[in-house]
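Colleague: need a structure here:
(chains A and B)
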Amino acid sequence: MAEEFNTQGMLDMYLFENGQLLERLQEIVLEQKDEDCFDEDSINEIFRTMHTIKGSSGVMMFDEITKISHKLEDVFFYLRESKPDNVPHLELVEHVLQVADFITGEMDKIQDGETADGDASEIVAEIDKFLTAIKNGEGEQEKDIKENVHEEPQQFYIAPMATSASHFYKIYLTFHPDVQLANVHAYKTVYALKEIAEDLMHYPEDIISDESSADEIIENGFKILLQAQCSEAELREIVKEGYDIKKVEVYECSAKEFQQGFDSFGTEIRIDLESSVEEIEAKAEQAQNAESANAPKKEPEKQKIAPGDFVIESKEPGKGKKLAKDKPKKQEKAQFISVDVHKMDMLMDLIGELVISESVVLQNQDLKVPGLKLDNFNKAAGQMTKISTDLQNVIMSMRMMPLTNTFQKMNRIVFDVSRKLGKEIEFEMIGEHTEVDKNIIEHISDPLMHLVRNAVDHGIETVEERQASGKTEKGKITLKAKTESGKVWISVQDNGKGLNRDKILAKARKQGIIDPYKPDSAYADKEVYQFITLPGFSTNEKVTEYSGRGVGMDVVVSNLASIGGTLEIESSPGQGSTMNLKIPLTLSIIDGIVMEVGKSSFVIETGSVKEFVGAREDMLYREPSGEEFVMIRGEGYPVIRIGEWYNLKDYKADPNDGMLVLVEIEEQIVCLFVDRLVGKQEIVVKPIPDYIKKVKGLSGCTQLGDGSIALILDAPGLIE
Amino acid sequence: MSEFATQQDKYVTFKSGNEYFALKIQYVNEIIVFQEITEVPESEDYIKGLINLRGKIIPVIDVRVRFKQEPIDYTDRTCIIVINVKETVVGLIVEKIAEVVEITEENILPPPSATIGHEDKTQNKYVYGIGKVGESVKLLLDPDRLLKDEDLTMLEKVSEETDLEEGE
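Modeller: Sure thing, here's the model as predicted:
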């Protein structure tokens, strides 16, 4: 039993960690899907991610996941080591996403307690093919490439971006013979030079993975060809003699010599640079006495490297390396730990309890004995109240999560769907760091997905259509989030063709939704667009075809309604549409007005309250049908007497004693008649236990400061 | 295992009307003193409302009303037995807690309604057996049925039938 439990713990951890890794993976991939290639950091990170997943899956014995992650790891290992430049980037992106999908799918199965029985062999075979293709693309150069230490892809020499200010240098480093790992020291130098280099090559080429290069460097020295704009003095600042480098020789040379590569190295030292004659002579001697321990330098006997093979355009625009440098520095990543939600809920409950017992202590009857000196007590009590308030605020904020992951998922959808449909779409996210309660996030993911998919599928036109209408070929979808007045506003905006008002109206007429005697012009655009959210309307394929919208729009709206959100549609023909979602920040904490009716307390969300009016008998009118109205400033509003509505005992029937609360519900104003207003406070929403049947107009309950329970009025439920 | 063994055959008994009822102790979370109840409108008469049990809001039902006995006023002897039946936590308002007794298997008889057929007696719906403890008799309550709505049993039957049909 205990053993089983342990495996479960491990499995949970496995699923959780890998889930996070995969999310991050997708984020990286999608971030750079539009570039020409991945930058170095990303390649490394993807490689590491795959390595980790491979390792943990191996331990958990999920063979297929291990296999597939190993394959992708191979690809990225090759990319990392060889930096080929002929990688079809989009294809690679697809492969990575494919693998991510596969693993996610398998993990879902595992999570649901099923066996991870997916077959990775097809994807593995595809990736294999892909890998072979990029390897072959390199052709005979492959061997050389493998030895290359540059981040830059291999290229034949293209005219360097040499300006008149560019200088060409030959640098010759001699290391102390007793230096360990001379290749690493050499790399340090190369690395330092890269900062200023326009072009750089060195010999031996492979100083990273080939450890024998260390001996070679000690023996023959380390040669660097450098193109840079700095002066020799500056160069000497960077490459200095030190504990590891015995001697630095810098010679300026011509562009031609530079292009010749290392072939010219030895000869020129001898011929051109008289200043170092002694050196050269010494070297020549040493070459003959190569065995001697004190003879670290030797001219390379054979230079099989062809000129230009190692010349790399380092500043060619659009290449990974450059991008990596230009990219704004990533924000520091926050540290997270994962906590069981139940524990969070427990903590929440406990804090609620604490607040209650606090008020029990502070308002204890015993303190009310006359003549007690309570100064110190009150001071301490004040301190305690402050702490418990802080505590409450912290726990509330702990439930908030940024929308980043949800938005990222949308990015993926845009990518997938647009590829499938052959549309070119740019995706932009604004305000993805907006924080929303975790529960809400879970609820908006699906509606958002619908909207984004609709925007890609129906909103954005095909490339040809866009060209025909004189738009940019690339469509654009913008996902925006912001918080305003206690709500989250999320909008999905596309610059596609927009909704077709006439077609929707025609359809609505056909379906008999609208008054046949009302002319089309009597309907505002907004009203017309709302039709597409009606059930039945949207499922009709013809409308989808015509209007370009509607797949499951009623589902979107009903999903949103379940968390108290609304959808508003804006559109202008030919310029695109915007779907605006208005969603409460949190389900669990609302700012509420506490009211009393009879012995019961009720809470209504502050946001929906328009105003309070002290009731007077002469303001109220009762219609013969029994419906009651109130006249306020010449306008009549329906009145709901809460006490009557819920058959409560002991409520105040006399209008003069009570209070009217004007509540706005979906552009309609209703007046609630209650006994008394208690106050405004933040309340923690709790569901009414399932055991009690759903009561019309009540959306939950909450615990008030004194420990009593108040029922939360759900305004829309009251007018249904 | 040991905990289970000590709880085996133990029952919490309480008085409601003239009878003593018994609940298997495994279902009982705790017994608390009576506290203020918040009414929930439009619910069944036996559902008295909600109480705040250390931050957790749970519904409470009045066992007397549930058994169609005359309701009585709550006193300081009135208790709430908090039971947990299949993850549903509910408080039972009872007149008086009696004691915890042990009733072994052989001292449990089938309920009279099953043998004689007095199915109209409401409380028999909730009683699955009669336990003998010395000279006295305790009615063993099925908490599941106690919580469920009367109509639900009907509904369940219907749904079972439809399930069967669907199965075919």
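
Colleague: for B:Lys48, phi and psi?
Modeller: The phi and psi torsions at B:Lys48 (degrees, to the nearest 10) take the values phi -80, psi -20.

Colleague: oh sorry, the question was meant for A:Met201
Modeller: Backbone torsions of A:Met201, given as degrees, to the nearest 10, read phi -140, psi 160.

Colleague: burial of it, as a residue count?
Modeller: Using other Cβ atoms under 10 Å in any protein chain shown, A:Met201 has 24 neighbouring residues. Every C-beta, even on glycine, is put in place using the N, C-alpha and C of the backbone.

Colleague: can you pull the contacts of A:Phe377?
Modeller: Residues near A:Phe377 by Cβ atoms under 8 Å, 6 or more residues apart in numbering or on different chains: A:Leu367.

Colleague: that one sits in which helix or strand?
Modeller: Using DSSP states H and E, A:Phe377 sits in helix A:375-398.

Colleague: same question for A:Asp41.
Modeller: Using DSSP H and E, the element containing A:Asp41 is helix A:40-60.

Colleague: what of A:Thr483?
Modeller: A:Thr483 is part of strand A:475-484, with elements assigned from DSSP H and E.

Colleague: can you check A:Ile593 too?
Modeller: Per DSSP H and E: strand A:589-597 holds A:Ile593.

Colleague: each with direction, which strands does that strand pair with?
Modeller: In the sheet containing strand A:589-597, its partner strands are strand A:600-605 (antiparallel), strand A:676-684 (antiparallel), by DSSP bridges.

Colleague: where does A:Ser660 land on pLDDT?
Modeller: Wrong residue type there; residue A:660 is Leu, not Ser. pLDDT for A:Leu660: 90.

Colleague: if I read this right, it contacts A:Glu617, doesn't it?
Modeller: No: counting by Cβ atoms under 8 Å, A:Leu660 stays clear of A:Glu617, with 11.8 Å between them.

Colleague: show me which of these two is the more surrounded one.
Modeller: Comparing A:Leu660 with A:Glu617 by neighbour count (other Cβ under 10 Å), the higher total belongs to A:Leu660, at 22 against 9.

Colleague: can you tell me the SS state at the more buried one?
Modeller: strand (DSSP: H, G, I helix; E, B strand; the rest coil).

Colleague: and the helices in the stretch 501-650 of chain A?
Modeller: Assigned helices in the stretch 501-650 of chain A, in chain order: A:501-510, A:525-530, A:541-547, A:553-562, A:642-645 (criterion: DSSP state H, counting those that start in this stretch).

Colleague: which of those sits closest to A:Leu30?
Modeller: helix A:553-562 (23.5 Å; Cβ to Cβ).

Colleague: list the buried residues in the closest one.
Modeller: By neighbour count with 16 or more other Cβ atoms under 10 Å in any protein chain shown, helix A:553-562 contains the buried residues A:553-557, A:559-560.

Colleague: residue closest to the middle of chain A?
Modeller: Nearest to the centroid of the C-alpha atoms of chain A, with distances taken as Cα atoms, centre = their mean, sits A:Thr404, at 3.7 Å.

Colleague: pull up the gap between that residue and A:Glu31, please.
Modeller: Separation of A:Thr404 from A:Glu31 (Cβ to Cβ, to the nearest Å): 12 Å.

Colleague: try A:Arg501
Modeller: Per Cβ to Cβ, A:Arg501 is found 38 Å from A:Glu31.

Colleague: which one of the two is surrounded by more residues?
Modeller: More crowded of A:Arg501 and A:Glu31, by other Cβ under 10 Å: A:Arg501, with 18 against 15.

Colleague: got a list of what the more buried one touches?
Modeller: Counting by Cβ under 8 Å, 6+ apart, A:Arg501 touches A:525, A:528-529, A:573.

Colleague: let's see 10 Å
Modeller: For A:Arg501, the contacting residues are A:520, A:523, A:525, A:528-529, A:531, A:547, A:571-573, by Cβ atoms under 10 Å, 6 or more residues apart in numbering or on different chains.

Colleague: same question for A:Gln26.
Modeller: Remark: with contacts taken as Cβ under 10 Å, 6+ apart, A:Gln26 is in contact with A:96-97, A:100-101, A:104, A:405, A:408-409, A:411-412, A:415.

Colleague: then A:Val29?
Modeller: Residues in contact with A:Val29 (Cβ under 10 Å, 6+ apart) are A:38, A:42, A:46, A:92-97, A:100, A:411-412, A:415.

Colleague: just send these back as TSV, with distance to A:Ile425 too.
Modeller: Formatted as TSV, the contacts of A:Val29 follow (distance: Cβ to Cβ, whole Å):
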residue	distance to A:Ile425
A:Phe38	21
A:Ser42	22
A:Ile46	24
A:Leu92	20
A:Val93	15
A:Glu94	16
A:His95	21
A:Val96	19
A:Leu97	16
A:Ala100	20
A:Asn411	11
A:Arg412	13
A:Phe415	8
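
Colleague: narrow these to those in strands?
Modeller: Secondary structure assignment (DSSP state E) places none of these within strands.

Colleague: identify those among the residues you listed that sit within helices.
Modeller: In helices, judged by DSSP state H, the following of the contacts of A:Val29 are found: A:42, A:46, A:92-97, A:100, A:411-412, A:415.

Colleague: B:Gly131: which of these is nearest?
Modeller: B:Gly131 lies nearest to A:Ala100 out of the ones in helices among the contacts of A:Val29, by Cβ to Cβ, at 60.6 Å.

Colleague: look at the residue nearest to that closest one when sequence neighbours are not counted and report its pLDDT.
Modeller: Distances taken as Cβ to Cβ, 6 or more residues apart in numbering or on different chains place A:Leu22 nearest to A:Ala100, at 5.2 Å, with adjacent residues excluded. Looking at A:Leu22, its pLDDT is 85.

Colleague: do B:Gly49 as well
Modeller: Predicted confidence (pLDDT) for B:Gly49: 90.

Colleague: likewise for the one 3 residues further on?
Modeller: At B:Asn52, the pLDDT value in this model is 86.

Colleague: any idea which helix or strand carries it?
Modeller: Assigned by DSSP H and E, B:Asn52 falls within strand B:47-53.

Colleague: got the angle between the helix holding A:Phe377 and strand A:676-684?
Modeller: Relative orientation of helix A:375-398 versus strand A:676-684 (axes from the mean of the first three to the mean of the last three Cα atoms, to 10 degrees): 60 degrees.

Colleague: now the strand holding A:Ile593: buried residues?
Modeller: Neighbour-count burial for strand A:589-597, counted by 16+ other Cβ under 10 Å, picks out A:589-590, A:592-597.

Colleague: wait, which of those residues is closest to chain B?
Modeller: Checking those against chain B with Cβ to the nearest Cβ, the nearest one is A:Val597 at 10.0 Å.

Colleague: beta-bridge partners for A:Ile709, please?
Modeller: Going by DSSP bridges, A:Ile709 forms beta bridges with A:Gln703.

Colleague: that one reaches B:Gly55, doesn't it?
Modeller: No: using Cβ atoms under 10 Å, A:Ile709 is not in contact with B:Gly55; the gap is 11.0 Å.

Colleague: tell me, what's touching these two both at once?
Modeller: Taking Cβ under 10 Å, 6+ apart as the criterion, A:Ile709 and B:Gly55 both touch A:686, A:703.

Colleague: for stretch A:184-192, the distance to its chain's centre please.
Modeller: 36 Å (Cα atoms, centre = their mean, to the nearest Å).

Colleague: same check, this time on stretch A:430-445
Modeller: 11 Å.

Colleague: can it be said to contact chain B?
Modeller: No: if you take Cβ under 10 Å from any Cβ of the partner chain as the test, stretch A:430-445 misses chain B, and the best it gets is 17.5 Å.

Colleague: look at residue 74 and say how many residues are nearby.
Modeller: Here I'm looking at chain A. Around A:Asp74 there are 16 other residues, counting by other Cβ under 10 Å.

Colleague: not what I meant, chain B
Modeller: 16.

Colleague: contact partners for the residue in the stretch 251-400 of chain A that chain B sits nearest to?
Modeller: Nearest residue of the stretch 251-400 of chain A to chain B (Cβ to the nearest Cβ) works out as A:Asp349 at 3.5 Å. By Cβ under 10 Å, 6+ apart, A:Asp349 lies in contact with A:684, A:686, A:703, B:53-57.
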